[in-house]
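J.: sequence plus predicted model, see below.
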Amino acid sequence: MNNLIITQKEGYAIVQMNRGKVNAINHKMVNELREVFTSLEKNNTVQGVILTGQPHYFSAGLDLIELFQYNKEQITAFFNDFGSLYLELVQFKKPFISAITGHSPAGGCVLAVTSDNRYMAEGEKYVIGLNEVAVNIQISQNLTEIYAFWMGDGLASRYILEGKLLNGNEALKAGLVDDLVPFEQVLERAEKQMRKYLKADQEILVNTKQKLRKHLLEKLDLKPGNSLKEASELWWKPEIRAKMKAYVESFTNKKK
Amino acid sequence: MNNLIITQKEGYAIVQMNRGKVNAINHKMVNELREVFTSLEKNNTVQGVILTGQPHYFSAGLDLIELFQYNKEQITAFFNDFGSLYLELVQFKKPFISAITGHSPAGGCVLAVTSDNRYMAEGEKYVIGLNEVAVNIQISQNLTEIYAFWMGDGLASRYILEGKLLNGNEALKAGLVDDLVPFEQVLERAEKQMRKYLKADQEILVNTKQKLRKHLLEKLDLKPGNSLKEASELWWKPEIRAKMKAYVESFTNKKK
Amino acid sequence: MNNLIITQKEGYAIVQMNRGKVNAINHKMVNELREVFTSLEKNNTVQGVILTGQPHYFSAGLDLIELFQYNKEQITAFFNDFGSLYLELVQFKKPFISAITGHSPAGGCVLAVTSDNRYMAEGEKYVIGLNEVAVNIQISQNLTEIYAFWMGDGLASRYILEGKLLNGNEALKAGLVDDLVPFEQVLERAEKQMRKYLKADQEILVNTKQKLRKHLLEKLDLKPGNSLKEASELWWKPEIRAKMKAYVESFTNKKK
């Protein structure tokens, strides 16, 4: 695990994404997340998981600078695995909380929305949201489902079509996050909720979570290849490729 | 009817639960509620029903002190009939309003959520909610559906998994109740809305209610035995039985 | 087009309803709207459409004064075409925004809820909503679906059963409108959002809108004759006919 730090606590685990300052998601990080969550689901000493990030960045989303270099085969493989990660996290049986320590756009938001609770760093500057339309990526049907699950069809439709990034107050009002706390207390807040979950009968908790997600899971295409086919195809559309290039270059320049 | 007081008004009926100070629900009360609502649905002089409780308590939920004494057969029979009551109330064809005169946790909330409108006593001290997880009872799929109907999947999921009891302001914000009024005006508020319903064409009203609940009813398992099988089985799990015993004892001591 | 004014802008079109001061909807206006939207959907120079009304009235809804004169055949034909218009607007592939310049009850609201965004004139006096129950018209299953789409099952159920008209603030809180602006800026606000849509990749936008409405469309009966059968039948129920007569007369007197 080069990009993840796992901490075992009394009854639960904390997974901290640790890839540079902004936790941009590349193929390697996707694979590590899949491996860790699969292992934690089987681990009987772990009754729940908290996913967290770096100060100011939960995750900036897909590492477009690296992905821009991938060839067709690599992009298809990446989207397949990212789609699989999403499906595994949505179906994760145990309580799962996101401690959103800062920005969480696009791919960062994809990870966060799969969890049962989301505590986010307060402050106008941090944003979260499925802004795929604004960055010229085709959102999958599977992703639209979970956004509608958390905020209702109406807001999900408007915000996805507008490619909107929400600040903390907007996210709280929309039901996308549960609570806002100072960023240095986000993890603590998540742990407080996790300890509440640990007091409940774990069999009842797991049964209950399954019931609550029953219809959501029925709506998902469990083959990530189907769900992300359009995204990998439109990735190579010349106009989109050109926009992506400009975006990557502006981003690269900003980093200098 | 030992536990219910029925008042016939001009065009509608008021059903007041009247079992002690807190309206704890035992098997006898379930049977009486089923009988009364079945009869009111057929009664052509009644175009709508208001369900109400005692000052400070709509209903404290299941009578765990009595239920704790039931044997396996009795628990199974109880859950079957309680599940049937729930299904009959959800499918009740005429306008149905809950005048929530105070606390309404767990089983009390189950009754309230089946109605078309909920007016609740204002004040921080009164609580309402499906807090089954917190009291070690397995919630049924059927119940999760109606919570999601009123407050959306997102809030329903969070609140059920957390076993949360909501105060009036939280319930209002979540859409679990329609309005908060001083507790001595709750029934009056419900009657005001009932009189509005009586002004509409009753055929259109009944048709419309059926359309509004179409998808909800499609999601329900209409055999209460299926829906509450897990609940009756987990009732006897030793760890849960022990917790229940401690709960019942603490409650019994508090009453002394 | 006697009742519509079409303005072609850079990349989008504005359709202004222009039938008297209140834009009451008769059969002729329904036919014109169907014709215009069908033509705009095929027009490659148009990537989105804004529908707007007159100062103070987006549309007052069905022209009950004219409809009251229709015979049985004419009412059936009217409801068929109005149902078809609704279905065509819900399925309109391109971004579609309503600039709600004032009142928008019943049939006016039907048009507005089919669009992707709704910007409404601010001020307590303007109302919007599916108040069919209050005006003795049988709402169709198809219409209940889209109300629930925008505001969730709970609020949609309560407001439709109560026949409620919402003022701007209520509509904003319910998610029925996106934003409130002074009435002379409503169109400008809609155009601002349309220009944002035009910046996105149009293929991604059309794909995304389709995904967002997938489940809504699955719930709709695509044969308007089925969906509005009850409405045309109950139209002739003697008690409803009498109420309608009184309503039409009171309205006619008010106009004098």
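T.: Nice, I can see it.
J.: let me know the pLDDT of A:A77.
T.: If you check A:A77, the pLDDT there is 96.
J.: same for the helix or strand where it lies, what does it pack against?
T.: A:A77 is part of helix A:72-90, with elements assigned from DSSP states H and E. Judged by 3 or more CB pairs under 8 Å, 6 or more residues apart in numbering or on different chains; DSSP states H and E, the packing partners of helix A:72-90 are helix A:27-42, helix A:106-113, helix A:141-162, helix A:224-227, helix A:229-234. For every residue, glycine as well, the C-beta is placed using N, CA and C.
J.: repeat that for 7 Å
T.: helix A:27-42, helix A:224-227, helix A:229-234 (3 or more CB pairs under 7 Å, 6 or more residues apart in numbering or on different chains; DSSP states H and E).
J.: show residues contacting the shortest one.
T.: Residues outside helix A:224-227 that contact it (CB atoms under 7 Å, 6 or more residues apart in numbering or on different chains): A:N80, A:G83, A:S84, A:L87, A:S140, A:Q141, A:N142, A:D221.
J.: which residues of the stretch 151-256 of chain A lie near chain B?
T.: A:151-152, A:175, A:178, A:196, A:200-201, A:203-205, A:207-209, A:211-212, A:214 (CB under 7 Å from any CB of the partner chain).
J.: related to what we said a few turns ago, of all the helices and strands packed on helix A:72-90, which one is nearest B:T45?
T.: Among the helices and strands packed on helix A:72-90, the nearest to B:T45 by CB to CB is helix A:224-227 (55.6 Å).
J.: mind listing what's buried in the closest one?
T.: A:P224, A:S227 (16 or more other CB atoms under 10 Å in any protein chain shown).
J.: could you do stretch A:33-46 as well?
T.: So, applying 16+ other CB under 10 Å, buried residues of stretch A:33-46: A:L33, A:R34, A:V36, A:F37, A:L40, A:V46.
J.: got CSV for the contacts of helix A:224-227, with pLDDT too?
T.: Listed next are the contacts of helix A:224-227 as CSV, based on pLDDT from 0 to 100:
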residue, pLDDT
A:N80, 96
A:G83, 96
A:S84, 97
A:L87, 98
A:S140, 97
A:Q141, 97
A:N142, 97
A:D221, 96
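J.: among the residues you listed, who's most crowded?
T.: Among those, the one with the most neighbours (other CB atoms under 10 Å in any protein chain shown) is A:G83, at 26 neighbours.
J.: for the most centrally placed residue in chain A, give me its contacts.
T.: Note on chain A: the residue nearest the mean C-alpha position is A:L111, at 1.2 Å, using CA atoms, centre = their mean. A:L111 makes contacts with A:L51, A:S59, A:L89, as judged by CB under 7 Å, 6+ apart.
J.: one more pass at 10 Å, please.
T.: A:17, A:23, A:25, A:30, A:33, A:51, A:53, A:58-59, A:61, A:82, A:85-86, A:89, A:98, A:100, A:104 (CB atoms under 10 Å, 6 or more residues apart in numbering or on different chains).
J.: follow-up on the earlier one: against which helices or strands is the helix or strand that comes right after the helix holding A:A77 packed?
T.: Where DSSP H and E defines the elements, the next helix or strand beyond helix A:72-90 is strand A:96-100. Under the contact criterion of 3 or more CB pairs under 10 Å, 6 or more residues apart in numbering or on different chains; DSSP states H and E, strand A:96-100 touches strand A:13-17, helix A:27-42, strand A:49-52, helix A:72-90, helix A:106-113, strand A:117-121, strand A:179-181, helix A:186-199.
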